[in-house]
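In: Please find the sequence and the predicted model below.
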Number of protein chains: 4
Amino acid sequence: MTEASSPHPDSDDFMFDPNEDKIREECGVFGIFGMDNAASLTALGLHALQHRGQEACGIASFDGAKFHSERHLGLVGDNFTGADPSERLPGHISIGHNRYSTAGQTVLRNVQPLFSELHMGGFALAHNGHITNAYTIREQLVEKGALFQSTSDTEVVIHLIARAKKGEFIDRFVNAIRQVDGGYAFIGMTKDMLLGARDRFGIRPLLIGRLGDSYILASETCAFDMIGATFIREVEAGEVVVINADGIRSFTAFPNAKSRPCIFEFVYFARPDSIVSGKSVYEVRKRMGHRLAQETPADVDVIIPVPDSGVPAALGFAQETGVPFELGIIRNHYVGRTFIQPTQQIRDMGVRLKHSANRSMIEGKRVLLVDDSIVRGTTSTKIVRMIKAAGAKEVHFRSASPPIKHPDHYGIDMPSKDKLIAANYDLKAMTEMLEVDSLGFLSVEGLYWAMGETERLADEPQFTDHCFTGDYPTPLIDRDRDASGVSKQLSFLVEVA
Amino acid sequence: MTEASSPHPDSDDFMFDPNEDKIREECGVFGIFGMDNAASLTALGLHALQHRGQEACGIASFDGAKFHSERHLGLVGDNFTGADPSERLPGHISIGHNRYSTAGQTVLRNVQPLFSELHMGGFALAHNGHITNAYTIREQLVEKGALFQSTSDTEVVIHLIARAKKGEFIDRFVNAIRQVDGGYAFIGMTKDMLLGARDRFGIRPLLIGRLGDSYILASETCAFDMIGATFIREVEAGEVVVINADGIRSFTAFPNAKSRPCIFEFVYFARPDSIVSGKSVYEVRKRMGHRLAQETPADVDVIIPVPDSGVPAALGFAQETGVPFELGIIRNHYVGRTFIQPTQQIRDMGVRLKHSANRSMIEGKRVLLVDDSIVRGTTSTKIVRMIKAAGAKEVHFRSASPPIKHPDHYGIDMPSKDKLIAANYDLKAMTEMLEVDSLGFLSVEGLYWAMGETERLADEPQFTDHCFTGDYPTPLIDRDRDASGVSKQLSFLVEVA
Amino acid sequence: MTEASSPHPDSDDFMFDPNEDKIREECGVFGIFGMDNAASLTALGLHALQHRGQEACGIASFDGAKFHSERHLGLVGDNFTGADPSERLPGHISIGHNRYSTAGQTVLRNVQPLFSELHMGGFALAHNGHITNAYTIREQLVEKGALFQSTSDTEVVIHLIARAKKGEFIDRFVNAIRQVDGGYAFIGMTKDMLLGARDRFGIRPLLIGRLGDSYILASETCAFDMIGATFIREVEAGEVVVINADGIRSFTAFPNAKSRPCIFEFVYFARPDSIVSGKSVYEVRKRMGHRLAQETPADVDVIIPVPDSGVPAALGFAQETGVPFELGIIRNHYVGRTFIQPTQQIRDMGVRLKHSANRSMIEGKRVLLVDDSIVRGTTSTKIVRMIKAAGAKEVHFRSASPPIKHPDHYGIDMPSKDKLIAANYDLKAMTEMLEVDSLGFLSVEGLYWAMGETERLADEPQFTDHCFTGDYPTPLIDRDRDASGVSKQLSFLVEVA
Amino acid sequence: MTEASSPHPDSDDFMFDPNEDKIREECGVFGIFGMDNAASLTALGLHALQHRGQEACGIASFDGAKFHSERHLGLVGDNFTGADPSERLPGHISIGHNRYSTAGQTVLRNVQPLFSELHMGGFALAHNGHITNAYTIREQLVEKGALFQSTSDTEVVIHLIARAKKGEFIDRFVNAIRQVDGGYAFIGMTKDMLLGARDRFGIRPLLIGRLGDSYILASETCAFDMIGATFIREVEAGEVVVINADGIRSFTAFPNAKSRPCIFEFVYFARPDSIVSGKSVYEVRKRMGHRLAQETPADVDVIIPVPDSGVPAALGFAQETGVPFELGIIRNHYVGRTFIQPTQQIRDMGVRLKHSANRSMIEGKRVLLVDDSIVRGTTSTKIVRMIKAAGAKEVHFRSASPPIKHPDHYGIDMPSKDKLIAANYDLKAMTEMLEVDSLGFLSVEGLYWAMGETERLADEPQFTDHCFTGDYPTPLIDRDRDASGVSKQLSFLVEVA
């Protein structure tokens, strides 16, 4: 049976984190051209984008003669410490990358930006998203004698550029982009330009900002706010922008591109203070709460957010209903990653390291919990049990996003379909599995309403929303090959250090 | 001139933390008798008490033959990682300590528990609070040939025990306690008992809990919750409790003791989910917000808490007034302690690493900020400026506690009197210095109301509240000697490592 | 003027090491096929070869399904500590590499073995030596779209294999080898074989050993001794050996190959207990001392070796002459790499951290110092001054190898020609520069005599000896292009981490 | 049975070190008064004395206002790296200490110099040697309420000073010294003086040197050589010297003192380039070899020293007999402390990490091995087997010191009597146990001859030589109490960190 069929809390309770059963963005990117100490600003920009990837980070720069690169496992703030980064990474062009990764393969050779020495000179590339035919292309390239230094899908693009027979660099770059499918935002740099590119649906975000005379590219506006830069516009779906000493130029990689940004940027990924597609993320999330209250009302005494991501929707829900919003779950901010391993004795005590119930707000009350989503449901059950153990009379649960029924293939890390609770169970079964008195999800229509749309246009949906609807914007070549039995082992190497 | 006269933001803005201008608790303590793997439970208890001290931590245990001790700089969760701590610290008796310290002297020799080999055997001691005549006693002891291994006031008690001429250990301990003044909670252990003691006003907290057949002592109930233990009662003011294989015995160190716990436990120190003196800390803080709204109303569009400690009072304020509560300040949770040093270029950009304004909730609005207190006022001004820069039409500021006018001498770390803004300026001057449209403080009466008291009993105040009132419960011997010109240099040694 | 013209001791005296002005081997290699826990034996073999390279080390293994790799900066014994390496690097095939490097480019991506995913599967390669046309080939490959992950000349061979149009793997390997010039010993591994190859003059060493049913390849016999393996034979000049489950096969990469091993293996590199080309290194070095005594006698009281490499020749000299051999220079074995930086005050004291004169053996005596060679002469002068300061009546200096007049291009790290003292000065000038009473070098004929040869065959010299004679066995393509003004910048990247 | 009865090589062979079965000095001390940056010179002096203790090191200084202290586990060169130590440890007075320790108790609180705040001010103390009544005095002090911060015998002296009823500091110090028995050299410092003291037999060494106008105290002359200081004289047996701004003063702590320095300084401890009691250590060791050759001749082909400490005696033996001296055992200098743990597979291979036999000098020969001593005999057997495995026709073994039959009690770390091979077996039995063709020891008379004495004066021996003779110069109070059943457990505490 699948794990979803048995979401019972277990020994993981010890370290269980209210945020642990979430889907994850895989990356954040940042680039700047034409500013002294560019790498320092890149470090700050990456810091603002840290929520998009905490596994690794890297910065490259060019100083007029040499490229410089620094790549690390871990956080920006733990690696770019002490002296100004631009002392080690001098120059006026710089790009950077935050990476989130699912498993073992976060070895240093996969950390971006990737750097290559092409015939035309040095080239660094950073990528947010996923190329859905990367493995297929890679296989063809290896057959032709290409040597891959990483298992990252990003490297495929570099090989395509390196092997292009002719043309200016920018032509080779556009040509390479056209050969890859999927959802992606690329930031690249050569010795005299900064490049940005977005897939033909604009699934992954990429924005243009300005600071003085310099242009900046970044995944979210909060990176501009961090350094006092001004948001100019989004890179268009299917657009390639080139920034050099002469300013900014735009190329159309996909003439028939159509904007259809990923709706999960609003539901989860973006920082609440970012503006995405012209909308305040915080406000959209609050509107999700308002609409949720209308769609799935409940007669309760208190609204409690699952911290931290459920807070805006819970506030919206509370404001819509007039029921008090209270912090009923307290997080412990001091948990290190490698805290003591619990013995059986400690597990049996039901110890929870990362949070606790605020009993005074729960005991004897009808509680409504608001979370941003339900993925596998395992954590939700743990939270419900903790709230009940603190004396709640009733526990109701609301998801501020619709049921997640389909996996992503564009750079979001989430469990396989057989682990997605909403893909396998109906509302009644989920209500029982979560052990709640009632359960409710926001509708897809409600989500579009929260986004400010009057309705979802079925023929040309305004957003990439396949996780809720199954409507994938692009073909999924590697997946389909894989499903037909073709192995997808990307590497024979386990790199220990 | 004093610093308080010039609270202008400066280069510190780069790393400025909404929580940085707070007063600090100096310690948390935990002890357990009669449970296998006692040190593991102590580690968990200290983790729950981590908010009371983040500079250092230590655990001692006794295994029937040997004492074991581990002391570290840094957090519990960063030091007691990996294998179960009771593998290194075996035994059925254990005590532990979290330490916050003001400056340089957090060298390892000062980290508690302090351990000594007395004539009667090993003795470990941990302390939360401050002994107000420690230096005076120390000086007398050194003159008699005592060698001090630390600069901690705690060691004075151990020397007093060691030099007691006669009596059972517990008599020596009670006798030593009686010689020291101040606000303190001690937890000690010998090879066959766990001890707890609280000063004669019960200024610093100490509670008794139970887990199975074992007794536990801890600074807050949240440490009991962490390990599933039950809160039994508080150690009384002036009481010494002794826990051994026969159970718990109580000794009266100060017959005329009178309970007068420190009110700052409610205002700041305790975790919101702790129960102090029978009251939910979270509820008291919300009541402070309610009363604050009544005492200092304002015509505003949005209530924004200064995160994180201002949240409960802001919720109370919002619920009292019906004005929306919104998260207008977003914290970045990923800031390492040693992030890059800003260059002048970056400072000039007004970069702020630790938080940002959520512009969509601020722009064009009349904003009311709620914080739990105002100490020096420097950080408040920085926050106000950030909110204004995000487009607020008006900014009003409310402190959920009364003006802080007097320094503490019982274990709370706070600036000297000349730096306390409310000790040096009136409301009008402070309003100008904070650059706000209005400023308001909770009254002392309002604070007592929030605590559930009808009034402050001037002759016998229910709480230790000298920071607001100047009414110190005990004499301050070292301070007075110091004021009269006697040097208080505790050590000639600067210990580098 | 060149540095050689002014070999005056200076502030470096503080950390000056009797061994510091030596030429350096660049690498040691080791491989084993068909033994469980192969990586553990590789770690031991590399440890025995540690003297051939101390900058970095790496081990790869194959476990039947996956390749495993671990690469580090630093020593084998500092990196392969604790648990058995084969727990992390499981499998029955393994190769390893010790690296010495001249400068900045010892970044991890250059540490060997290099691993690549070829169309035929995984391939790991390790290299001792230098390819003299690597840059030229690399340039051609980059033009064709090859992406290089390192700046190591070794990677050229992997690309040549990857791009071979057809043939079995071994054919592609032999074909690749044939395209590269220089002095080299390669050890490679695929999922089912271990490979070894030696250049057509056998300049760099490579030996075959056996342990039970397993074959081993290594740079020196001391690696066999370490693990109790038996030395079988040398890989022949121009031979490629393939070891797999069926045993060992031999391929002839260069039909007209002629053995002419590097004479520096005897003079410097090999461990004294190794057998090279059938000769005991220790005995050869002693014979160099005997002959040196005959060629350049001196009337002295005591023979003092420059430790440690001058000891065998000094013993030979002493035995030949009957003059006492004494340890007149004592080394301090505890010097860390990053000992305190000396202030001017300390420099002025003439402090020497790494060694000291044993005054009782020197004072009032006529001393003859024996070193294995003189490279720049700077260190020799420092030693002479130290011996004089200890009261020597006369100081005579003997080099157990001939004057070094020409740089190497086959993997030996040495100063450029303008820094080689013997390339720029005659014996009289050097005698003055070293401030000695007499100076003597072994003759080239004497060196051949020590090797057991009756004479040097001018037409077909038995050894690669260009450093003494200028007679390079192969063309030097990259060098000649470089000399004609073609840039040789291998990388635009400065990789900080 | 005792271990000595079964000296068979075992799994330890893997890491076995020719030097491992040696006795060990416990400490080296250094102090300087009146030189700027005194701590830097102390660091250099300790570096020169590193051979006397490698477990820990510490330096204290006084800058006119404050004392500074730094104590570390590990080597001087690994801990006092980078910037000049006197930046962290400023001042013109400084003392330092190197420590060797036998086991577990090398926790930081035991690392010297120990610092205390006495009534008269700060006091730092460092000690080489052992106080034979330390435990007895400690017990009395603890009974009186003294708290000990370390388990070091050194702290007893500080408590005795602290508790002295009256007198100048120097009187208290002399008075304290008089209460302790044993072999010791103390270096202490207060805010205005540097002190040195030597026990009444001068068992442990202490020397006075001079650098410019500054006086220096150190354990060996090599520390003076390191910094260019001049050796003035030894501190006399039973003398206390006080160095301050007025120069040097001498006090007689023990009027009836008689010089009888420890003969092991010559046999083992001192660096070969040190001058002890006016004699070159290197020369004395060579004379031991000459005499050994006369006393125990052998008909052999080659003399091989057990490296490194057997070298001078082997040279003497070879010069006396004319038999060639050869390096037959090669050490690997790159062994880290924590190299891989050998599996059974590797142990079965007879792998030896730290050294190897130089087969070409051994095979087919009659070998005579010379070591400085034989302690347990276990290592000697391993060496003999290794030499035999390399093909020796005969193996003869010589010890350059007499049989060690009695343990030390004055600061030398050696096995208990039941493990000393010569204390339990006669020559014939030892010859069999070492598996050699002949075995010989230097006689006690021969040792005195090598020291330049005509004979050992039985009534008033010139040296402390109880390990050979059983003639202890002082009573052994703690040992005798211990032997009579009084527990000597110094601490109930196991300090993990």
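Out: Yep, that arrived.
In: And the helices in the stretch 301-450 of chain A, which stretches?
Out: Using DSSP state H, counting those that start in this stretch, the helices of the stretch 301-450 of chain A run over A:311-321, A:344-348, A:378-389, A:421-424, A:427-433, A:444-450.
In: quick one: which of those helices is nearest residue D:135?
Out: When the helices of the stretch 301-450 of chain A are compared by C-beta to C-beta, helix A:344-348 sits nearest residue D:135, at 39.7 Å. Using the backbone N, CA and C atoms, a C-beta is placed for each residue, glycine as well.
In: Can you tell me which helices and strands that closest one packs against?
Out: In terms of contacts (3 or more C-beta pairs under 8 Å, 6 or more residues apart in numbering or on different chains; DSSP states H and E), helix A:344-348 is packed against helix B:38-48.
In: ok, back up a step: highest mean neighbour count out of the helices of the stretch 301-450 of chain A?
Out: helix A:311-321 (a mean of 25; mean count of other C-beta atoms under 10 Å in any protein chain shown).
In: Return the residues of the stretch 151-300 of chain A in contact with chain D.
Out: Remark: no part of the stretch 151-300 of chain A is in contact with chain D, using C-beta under 8 Å from any C-beta of the partner chain.
In: How much space separates whichever residue of the stretch 151-300 of chain A sits closest to chain B from chain C?
Out: Chain B sits closest to residue A:280 of the stretch 151-300 of chain A, with a gap of 3.4 Å, by C-beta to the nearest C-beta. Here the criterion is C-beta to the nearest C-beta, to the nearest Å. By it, residue A:280 lies 37 Å from chain C.
In: Residue A:476 now?
Out: 24 Å.
In: Then residue A:464?
Out: Residue A:464 is 32 Å from chain C, by C-beta to the nearest C-beta.
In: contacting residues for that residue?
Out: Contact analysis of residue A:464 by C-beta atoms under 8 Å, 6 or more residues apart in numbering or on different chains lists A:183, A:201, A:203, A:260-263, A:410, A:473.
In: Just give me the longest strand of chain A.
Out: The residue-count maximum for a strand in chain A (DSSP state E) belongs to strand A:121-131.
In: mind putting the helices of the stretch 301-450 of chain A in TSV, mean pLDDT included?
Out: Output for the helices of the stretch 301-450 of chain A, formatted as TSV (pLDDT from 0 to 100):
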stretch	mean pLDDT
helix A:311-321	97
helix A:344-348	74
helix A:378-389	92
helix A:421-424	97
helix A:427-433	98
helix A:444-450	98
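In: What about the residue of the stretch 151-300 of chain A closest to chain B, how many residues nearby?
Out: Per other C-beta atoms under 10 Å in any protein chain shown, the neighbour tally for residue A:280 reads 22.
In: State the pLDDT value of it.
Out: According to the prediction, residue A:280 has pLDDT 95.
In: Repeat that for residue A:486.
Out: pLDDT, residue A:486: 57.
In: on that earlier part again, can you pull the phi and psi angles for the residue of the stretch 151-300 of chain A closest to chain B?
Out: Main-chain torsions, residue A:280, degrees, to the nearest 10: phi -70, psi 120.
In: who does the one helix or strand residue A:29 maps to pair up with?
Out: Using DSSP states H and E, residue A:29 falls within strand A:27-33. Note on strand A:27-33: by DSSP bridges, its sheet partners are strand A:93-99 (antiparallel), strand A:214-218 (antiparallel).
In: Let me know which of those is the nearest to residue A:439.
Out: The nearest among the strands paired with strand A:27-33, by C-beta to C-beta, is strand A:93-99 at 34.3 Å.
In: mean confidence for that closest one?
Out: Mean predicted lDDT for strand A:93-99 stands at 96.
In: now do stretch A:391-403
Out: Model confidence over stretch A:391-403, given as mean pLDDT, is 98.
In: Endpoint to endpoint, that stretch covers what distance?
Out: End-to-end distance for stretch A:391-403: 28 Å, by C-alpha to C-alpha, to the nearest Å.
In: do the same with stretch A:307-315
Out: From its first residue to its last, stretch A:307-315 covers 12 Å (C-alpha to C-alpha).
In: List of residues touching it?
Out: A:18-19, A:22, A:268, A:272, A:282, A:285-286, A:288-289, A:292, A:303-306, A:325, A:327, A:329, A:331, A:355, A:369-372, A:398, A:400, B:325-327.
In: tell me the most buried of the strands paired with strand A:27-33?
Out: Greatest average neighbour count among these goes to strand A:93-99 (a mean of 31), per mean count of other C-beta under 10 Å.
In: Need the CA coordinates for that one. PDB is fine.
Out: Coordinates of each C-alpha in strand A:93-99 appear next as PDB, following Å, rounded to 0.1, in the frame of the first residue of the first chain:
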ATOM      1  CA  ILE A  93      29.300  41.500 -13.600                       C
ATOM      2  CA  SER A  94      28.000  38.800 -11.300                       C
ATOM      3  CA  ILE A  95      25.400  36.100 -11.200                       C
ATOM      4  CA  GLY A  96      24.300  33.900  -8.300                       C
ATOM      5  CA  HIS A  97      22.100  30.900  -7.500                       C
ATOM      6  CA  ASN A  98      20.300  29.400  -4.500                       C
ATOM      7  CA  ARG A  99      19.600  25.700  -4.800                       C
END
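In: Select, out of the helices of the stretch 301-450 of chain A, the one closest to residue C:40.
Out: Across the helices of the stretch 301-450 of chain A, the minimum distance to residue C:40, taken as C-beta to C-beta, is reached by helix A:344-348, at 34.5 Å.
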